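Enquirer: structure of the sequence below:
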Amino acid sequence: MMGIKGMTCKKQNRVFMVILSFFLIAGICLSPAEMTFAASAEETAAQNAAAAKTAAYDTYNKLNNEAAALKTEMDNAKEKQTAAENTYNTSKAAVDTKQSDYDIAASRKKKGSYGFYESIGSENAMKALTECKYASYVHMGEETDATSLKNMAATFEWMRYLNNLRKNLGLGELKVTSYLMACAQANCDYSDSVIGHAKQFNVGECLAWNWGSNPYIQWYDNEKEIFDEATQSLGLGSGLTGATAYSCYQSNKSSIDSYVNNHYSGKSVGHYINDINPGYKTTGFAINTKGTQYGVTYGQTFSGYNYNNDPEYTVDEYEKMFNDYKADMEGTISSYEALKAEMDKAASAKQAADTNLKSITDKYNAKTAAAAAALQKYNEAAAAYEKADAAYKAYIAKTGQASSEALIADAKKDTNGKSLYNIISSKGVIYTAPADTTAKVVTIPATVSIDGKKYSVVAVSANAFKDCKNLNKLVIGKNVKTIGENAFLNCSSLKTIIINNTKLTKKSFGKNAFKGINKKAVFKVPKKKLVSYKKWLKNTGITKTMKVKKK
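Expert: Okay, the predicted model is just below:
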């Protein structure tokens, strides 16, 4: 019997050859009209079992190949997942390394100037912001608050401005301390909401609200004009500047203040006196841009003493220290955020790789399970085939019939190599199958030459052309006496059939021999056999749309 794999084109007419071989071996001669295609129950069962075994194997093989392809896909996905996981772990390690520095930097940035004082260890400045009388007015690090790094960065130009004024007056340059900077910030935050001095620190104070681009126009320029007018009017001198002007004020404070109060309601010269005070050694400056009362609030603090032993810096030194801190802090944050972005990207890639791997793994497992189930069915079909084959062999042993598989294996090509034939006698062959299953035109010749010997073609095997979709024209030679079952089944393009002999009988036409051919097929037959062939062809599966005509 046939193994798992099928024969060329379609299933061959084993039944015909087995029975025919039996008669040949037994020396019984059959006339063409007596040749039949009835198979024994044993051979039919074996054939069906072989087909089931083949189908089961094909199903298993297909699933197994698909599982193998998924295994390759899964291995590739695993490599990508491992690479994605390694990338994520590397980027996470980089983030973890920077985490502590980032937490400190982010916390300090959020706290504004307090974070800066914290970084340089200025506890006096920190306490000035958190333990002062009006600490509730301080909103640490908020963008418009005096403690914001943006507003703090804008103060250095004003402290330089005053130092330039003092230098031109022969006065000493004021140094900067963190304590006085914090005092100015706390005062500014309070005075943004309350028009007046907070007076919560023992320091000199200047305040200005919404004074445009330069608070010293009020503090110095305007108040100097009032001071000069007062001293000249009081006969104390004119054009006094610097230490001389300050000394004059200290000696004549009451009279000068009285003159100013009498001539300029709500005015004073206190800011101007602070600016030119030769006793002041240190300063601080603040800006609040919240604008609760009158827009921008400017505040400056002064001291001639350093009660807290705070480090003193030039404006340039202090600004550099502040800018270095700010750049380092922002750099730490920026570097961390870049690493964090890379980690998040790697995490997304890892998640996608994890999801993809799981999806493919699930498919692989399902396909493997399906292949295992198909293999079990194949094993069952193989066992059933072995059982049916054994029964068929027992039948052969009992009846003396030769195996049809041997005859199929003996099929030979004609001289032209276009068809396969089985030699059944010294003069006759059976047309078994076309060598080219895609051929459009096929002629079943009257005779063929095989191995240099001429034979008559006396039959067309069952299933010989089954499912040959390209076949559209067929010529049947004059010596063909039998056309087997399903010989041209489902040849959907077959439209022209020419029968060139007059010796066919009712029994010559196998069941469904022409079933499923083109609906408009035309049979051209010898004139004298038109009526008979037209009648007998009905048993071969032809339909009413097909015609049987004389040649």
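
Enquirer: pull the contacting residues for Glu173.
Expert: 163, 166-167, 314 (C-beta atoms under 8 Å, 6 or more residues apart in numbering). The C-beta positions use only the backbone N, C-alpha and C, and glycine is treated the same way.

Enquirer: quick one: average pLDDT of the longest helix belonging to the chain?
Expert: Across the chain, the longest stretch assigned as helix under DSSP state H is helix 315-399. The average pLDDT for helix 315-399 rounds to 92.

Enquirer: can you check stretch 198-213 too?
Expert: Averaging pLDDT along stretch 198-213 gives 90.

Enquirer: just the CA trace of that stretch, in PDB.
Expert: Provided in PDB are the C-alpha atoms of stretch 198-213 (Å, rounded to 0.1, in the frame of the first residue of the first chain):
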ATOM      1  CA  ALA A 198       8.500  95.100  59.100                       C
ATOM      2  CA  LYS A 199      11.200  96.200  61.600                       C
ATOM      3  CA  GLN A 200      11.800  92.500  62.600                       C
ATOM      4  CA  PHE A 201      15.600  92.700  62.400                       C
ATOM      5  CA  ASN A 202      18.100  95.000  64.100                       C
ATOM      6  CA  VAL A 203      19.300  96.300  60.700                       C
ATOM      7  CA  GLY A 204      19.000  99.400  58.500                       C
ATOM      8  CA  GLU A 205      16.200  99.100  56.000                       C
ATOM      9  CA  CYS A 206      15.200 100.700  52.700                       C
ATOM     10  CA  LEU A 207      11.900  99.900  50.900                       C
ATOM     11  CA  ALA A 208      10.400 101.000  47.600                       C
ATOM     12  CA  TRP A 209       7.200 100.000  45.800                       C
ATOM     13  CA  ASN A 210       6.700 100.000  42.100                       C
ATOM     14  CA  TRP A 211       9.500 102.400  41.400                       C
ATOM     15  CA  GLY A 212      10.000 101.300  37.800                       C
ATOM     16  CA  SER A 213      13.400 100.100  36.800                       C
END
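
Enquirer: need the contact partners of that stretch.
Expert: 128, 132-134, 180, 183, 186-188, 190-191, 195, 197, 215, 217-219, 270-271, 274-275, 277, 280, 291, 293-303, 307.

Enquirer: buried only: go through those residues for me.
Expert: Buried subset of the contacts of stretch 198-213 (neighbour count, 16 or more other C-beta atoms under 10 Å): 128, 132, 134, 180, 183, 186-188, 190-191, 215, 218-219, 270-271, 274-275, 277, 280, 296-303.

Enquirer: those residues in helices, which ones?
Expert: Per DSSP H, the subset of the buried ones among the contacts of stretch 198-213 in helices is 128, 180, 183, 186-188, 190-191, 270-271, 274-275.

Enquirer: need these in a markdown table with pLDDT and distance to Ser532, can you?
Expert: Formatted as a markdown table, these follow (pLDDT from 0 to 100; distance: C-beta to C-beta, whole Å):
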| residue | pLDDT | distance to Ser532 |
| --- | --- | --- |
| Ala128 | 97 | 126 |
| Leu180 | 98 | 129 |
| Cys183 | 98 | 128 |
| Ala186 | 98 | 124 |
| Asn187 | 98 | 127 |
| Cys188 | 97 | 123 |
| Tyr190 | 97 | 125 |
| Ser191 | 96 | 126 |
| Gly270 | 96 | 139 |
| His271 | 97 | 135 |
| Asn274 | 97 | 137 |
| Asp275 | 97 | 136 |
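
Enquirer: hmm, back to that, ok, so of the contacts of Glu173, who is nearest Lys412?
Expert: Proximity of the contacts of Glu173 to Lys412 (C-beta to C-beta) peaks at Thr314, which lies at 112.8 Å.

Enquirer: how many neighbours does that closest one have?
Expert: 15 (other C-beta atoms under 10 Å).

Enquirer: contacting residues for it?
Expert: Applying C-beta under 8 Å, 6+ apart, we find Thr314 in contact with 173, 175-176.

Enquirer: how close does it get to Leu162?
Expert: Distance of Thr314 to Leu162, computed by C-beta to C-beta, to the nearest Å: 13 Å.

Enquirer: now the residue nearest to the spatial centre of the chain. Nearest residue, chain neighbours left out?
Expert: Nearest residue to the geometric centre of the chain (C-alpha atoms, centre = their mean): Ala352, 6.1 Å. Of all residues beyond its chain neighbours, the one nearest Ala352 is Ala84 (7.6 Å), with distances taken as C-beta to C-beta, 6 or more residues apart in numbering.

Enquirer: any idea of the angle the strand or helix carrying Thr54 forms with helix 315-399?
Expert: Secondary structure from DSSP states H and E places Thr54 in helix 41-110. With axes from the mean of the first three to the mean of the last three C-alpha atoms, to 10 degrees applied, the angle from helix 41-110 to helix 315-399 works out at 170 degrees.

Enquirer: any idea of the mean pLDDT for helix 41-110?
Expert: 94.

Enquirer: and it, what does it pack against?
Expert: helix 14-25, helix 113-120, helix 315-399 (3 or more C-beta pairs under 8 Å, 6 or more residues apart in numbering; DSSP states H and E).

Enquirer: recalculate using a threshold of 10 Å.
Expert: helix 14-25, helix 113-120, helix 315-399, helix 404-409 (3 or more C-beta pairs under 10 Å, 6 or more residues apart in numbering; DSSP states H and E).

Enquirer: can I get the ones you listed in CSV with distance to Ile423?
Expert: Shown next, in CSV, are those (distance: least, C-beta to C-beta, whole Å):
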stretch, distance to Ile423
helix 14-25, 10
helix 113-120, 104
helix 315-399, 21
helix 404-409, 9
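
Enquirer: now do the end-to-end distance for stretch 172-181.
Expert: With C-alpha to C-alpha, to the nearest Å applied, stretch 172-181 spans 19 Å between its terminal residues.

Enquirer: tell me the buried residues in that stretch?
Expert: Quick answer for stretch 172-181 (16+ other C-beta under 10 Å): 174-181.

Enquirer: isn't Lys340 up against Ser91?
Expert: Yes. Judged on C-beta atoms under 10 Å, Lys340 makes contact with Ser91 at a distance of 8.7 Å.

Enquirer: out of the two, which sits in the busier spot?
Expert: Ser91 (20 against 17).

Enquirer: list the contacts of the closest residue to that one other than its chain neighbours.
Expert: Distance criterion C-beta to C-beta, 6+ apart; nearest residue to Ser91, sequence neighbours excluded, is Met343 at 4.1 Å. Counting by C-beta atoms under 10 Å, 6 or more residues apart in numbering, Met343 touches 87-96, 350.

Enquirer: try it again at 6 Å.
Expert: 91-92, 95 (C-beta atoms under 6 Å, 6 or more residues apart in numbering).

Enquirer: and of those residues, the nearest to Leu236?
Expert: Nearest to Leu236 among the contacts of Met343 is Val95, at 69.4 Å by C-beta to C-beta.

Enquirer: grab the nearest non-local neighbour of Gly417.
Expert: Ala435 (6.0 Å).

Enquirer: how close does that neighbour sit to Tyr455?
Expert: Taking C-beta to C-beta, one finds Ala435 at 16 Å from Tyr455.

Enquirer: now Leu530
Expert: 29 Å.

Enquirer: so between the two, which is more surrounded?
Expert: Between Leu530 and Tyr455, counted using other C-beta under 10 Å, Tyr455 has the larger neighbour count: 22 against 16.
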